[in-house]
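> from the sequence below, what's the structure:
(2 chains)
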There are 2 protein chains.
Amino acid sequence: MLRLYDYPDSGNAYKIRLLLSQLGQPFERVEIDIREGITRRPEFLAKNANHRIPLVEWPDGRRLAESNAILFHLAEGTPFLPDDAWERAETMQWMFFEQYSHEPFIAVVRAWHHNDQIEENRTAVPAKMEGGHHALDVMDQHLKTRRFFAGDGYSIADIALYAYTHVADEGGFDLAGYPAVGAWLERVAGQPGHARITDQVGTPVSWP
Amino acid sequence: MLRLYDYPDSGNAYKIRLLLSQLGQPFERVEIDIREGITRRPEFLAKNANHRIPLVEWPDGRRLAESNAILFHLAEGTPFLPDDAWERAETMQWMFFEQYSHEPFIAVVRAWHHNDQIEENRTAVPAKMEGGHHALDVMDQHLKTRRFFAGDGYSIADIALYAYTHVADEGGFDLAGYPAVGAWLERVAGQPGHARITDQVGTPVSWP
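Numbers count the residues shown, from 1 in each chain, chains lettered A, B, ... in the order given. As a prediction, the model looks like this:
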């Protein structure tokens, strides 16, 4: 069975839990407390030298890191990744947008709030908030004329962007100013097989 | 003819120039001086609300942003993107690694040097250097047993990582400590149709 190295509060890890739930694919879940430095210990570094979760491991020993690469691989050949070449290109565009222009702002400020690190990062917060609001502006503009991010249907581009957008308020972002984003969040949450970030999905496994 | 909105010093834009050169695909090149705020003017924002180059535009009006999404789309169906599902997954993993764990460190410090902004970012430089060295460590470890990043051959994963790695010294990174990276840089530069970051490729077009 596929094994996910997971951290419950991570939106990047939630992306994988959400897609696997919607695919109806059973998986093992190893909970790693990233705040305790476990991903920097030798036994984890042997699995991912880049010391990050999520990490997915197959029974034959193959491993894949990077949340959006994992989404891409798991979604290939399913309705969650379009067949059409142009829609695939759009999917990739929005997933790279998410990792470069969205997550480093919205996810990081949320993590600072959750881990009581706002004060120590006080001087960095305004630029992070500005970057996050810019990402939300870009999304809202796109969603004024589109139901989902790539093509006509729900895809891994939506999963990637939903993960941290739907909890952006936990980082102090007020989504009231982004009505098209708000309507899209509801469409995503209404998809068949949707799982919430707090849902206990997967079979817990202890490690190492 | 395909049109690239370009900035000569950008490694992200260079990725597209390099792949198009190796594909033997003619293209128009619109040079944008990103230092002068042109990407934040209405006529550019109408093309990419996320105010970034590279941006590729097709004659029918379709546009694609995000350097690695553009690489993915242009390489689909060519030897630069593997057919094998697992090798494709590895390709995506390294391209997301590049945008999240490599470019924000190595490219950013280089840009600060090029634009005389090191002093104003003095307090941020140590963490940027540490992140860049970590990315180089991860790459060097991988390349100790592999000739290229994904599968057995040269792919867009190599193009994505080559773009800023081969000029990392311009940001103060000493590549002497990464011998496997050094050997890989030579393999990449030796590929058929290679173009350098300073090569004038594409047909210059003025805009708007």
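> next to chain B, which bits of chain A? Give me the list.
Taking C-beta under 8 Å from any C-beta of the partner chain as the contact definition, chain A meets chain B at A:49-50, A:52, A:62, A:64-70, A:72-73, A:76, A:85-86, A:88-90, A:92-93, A:95-97, A:99-101, A:103-104, A:134, A:137-138, A:141-142. Using the backbone N, CA and C atoms, a C-beta is placed for each residue, glycine as well.
> among those residues, name the buried ones.
Applying a neighbour-count criterion of 16 or more other C-beta atoms under 10 Å in any protein chain shown, the buried members of the residues of chain A next to chain B are A:49-50, A:52, A:64-70, A:72-73, A:88-90, A:92-93, A:95-97, A:99-101, A:103-104, A:134, A:138, A:141-142.
> please narrow those to those residing in helices.
A:67-70, A:72-73, A:88-90, A:92-93, A:95-97, A:103-104, A:134, A:138, A:141-142 (DSSP state H).
> which strand or helix spans the residue of chain A most remote from its centre?
Centroid-distance maximum for chain A: A:T123 at 26.2 Å, with C-alpha atoms, centre = their mean. A:T123 is part of no helix or strand when elements are defined by DSSP states H and E.
> what does the one 5 residues further on give?
Secondary-structure element containing A:K128, defined by DSSP H and E: helix A:125-143.
> now chain A, which segments are flagged as low pLDDT?
Applying pLDDT under 70 to chain A flags no residue at all.
> the strands in it, which residues?
A:3-6, A:28-31, A:55-57, A:63-65, A:203-204 (DSSP state E).
> pick the most buried one from those.
Stretch with highest mean neighbour count among these: strand A:3-6 (a mean of 24; mean count of other C-beta atoms under 10 Å in any protein chain shown).
> what helices and strands are in contact with it?
Where contact means 3 or more C-beta pairs under 8 Å, 6 or more residues apart in numbering or on different chains; DSSP states H and E, strand A:3-6 is packed against helix A:11-23, strand A:28-31, strand A:55-57.
> got these as TSV, with distance to B:I197 columns?
As requested, the helices and strands packed on strand A:3-6 are exported to TSV (distance: least, C-beta to C-beta, whole Å):
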stretch	distance to B:I197
helix A:11-23	31
strand A:28-31	42
strand A:55-57	33
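> so for B:G177, which of the ones you listed sits nearest?
For the helices and strands packed on strand A:3-6, proximity to B:G177 was assessed by C-beta to C-beta; strand A:55-57 is nearest, at 26.4 Å.
> hmm, back to that, dump the helix holding A:K128 to PDB, restricted to CA.
Backbone C-alpha positions of helix A:125-143 (Å, rounded to 0.1, in the frame of the first residue of the first chain) are rendered in PDB as follows:
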ATOM      1  CA  VAL A 125       5.000  40.000   7.900                       C
ATOM      2  CA  PRO A 126       3.900  43.100   5.900                       C
ATOM      3  CA  ALA A 127       5.600  41.800   2.700                       C
ATOM      4  CA  LYS A 128       4.200  38.300   3.300                       C
ATOM      5  CA  MET A 129       0.700  39.800   3.600                       C
ATOM      6  CA  GLU A 130       1.200  41.900   0.500                       C
ATOM      7  CA  GLY A 131       2.300  38.900  -1.500                       C
ATOM      8  CA  GLY A 132      -0.600  36.800  -0.200                       C
ATOM      9  CA  HIS A 133      -3.100  39.500  -1.100                       C
ATOM     10  CA  HIS A 134      -1.600  39.700  -4.600                       C
ATOM     11  CA  ALA A 135      -2.000  36.000  -5.100                       C
ATOM     12  CA  LEU A 136      -5.700  36.200  -4.000                       C
ATOM     13  CA  ASP A 137      -6.200  39.100  -6.400                       C
ATOM     14  CA  VAL A 138      -4.800  37.000  -9.300                       C
ATOM     15  CA  MET A 139      -7.000  34.100  -8.300                       C
ATOM     16  CA  ASP A 140     -10.100  36.200  -7.900                       C
ATOM     17  CA  GLN A 141      -9.600  37.900 -11.300                       C
ATOM     18  CA  HIS A 142      -9.300  34.500 -13.000                       C
ATOM     19  CA  LEU A 143     -12.300  33.000 -11.200                       C
END
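> okay, buried residues for that helix please.
Burial within helix A:125-143, assessed by neighbour count using 16+ other C-beta under 10 Å, is assigned to A:125, A:128-129, A:131-136, A:138-143.
> can you list contacts of that helix?
Applying C-beta atoms under 8 Å, 6 or more residues apart in numbering or on different chains, the contact partners of helix A:125-143 are A:97, A:101-102, A:104-106, A:108-109, A:112, A:118, A:121, A:149, A:161, A:165, A:168, A:171-173, A:175, A:177-181, A:183-184, B:49-50.
> ok, of these, which come out buried?
Judged by neighbour count, with 16+ other C-beta under 10 Å as the criterion, the buried members of the contacts of helix A:125-143 are A:97, A:101-102, A:104-106, A:108-109, A:112, A:149, A:161, A:165, A:168, A:171-173, A:178, A:180-181, A:184, B:49-50.
> ok, back up a step: just the closest of the buried residues of helix A:125-143 to A:L81, please.
After measuring these against A:L81 - C-beta to C-beta - the closest member comes out as A:H142, at 18.8 Å.
> ok, now how distant is that closest one from A:D84?
Computed with C-beta to C-beta, to the nearest Å, the distance linking A:H142 and A:D84 is 18 Å.
> what's the answer for A:I106, then?
According to C-beta to C-beta, A:I106 stands 29 Å off from A:D84.
> next one: A:D169
Using C-beta to C-beta, A:D169 is found at 34 Å from A:D84.
> try A:Q141
A:Q141 sits 23 Å away from A:D84 when distances are taken as C-beta to C-beta.
> one more: A:N115?
Shown here: A:N115 relative to A:D84, a distance of 41 Å by C-beta to C-beta.
> kindly report the same for A:G151.
Shown here: A:G151 relative to A:D84, a distance of 7 Å by C-beta to C-beta.
> again, but for A:R52
Taking C-beta to C-beta as the measure, A:R52 and A:D84 are separated by 31 Å.
> over to A:A75?
14 Å.
> which one of the two is surrounded by more residues?
For A:A75 and A:D84, the more surrounded residue by other C-beta atoms under 10 Å in any protein chain shown is A:A75, and the numbers stand at 19 against 12.
> what sits against the nearest residue to that one once chain neighbours are set aside?
With C-beta to C-beta, 6 or more residues apart in numbering or on different chains as the criterion, A:A75 has its nearest non-adjacent residue at 3.8 Å, and that residue is A:L81. Neighbouring residues of A:L81 by C-beta under 8 Å, 6+ apart: A:72, A:75, A:88, A:91, A:155-156.
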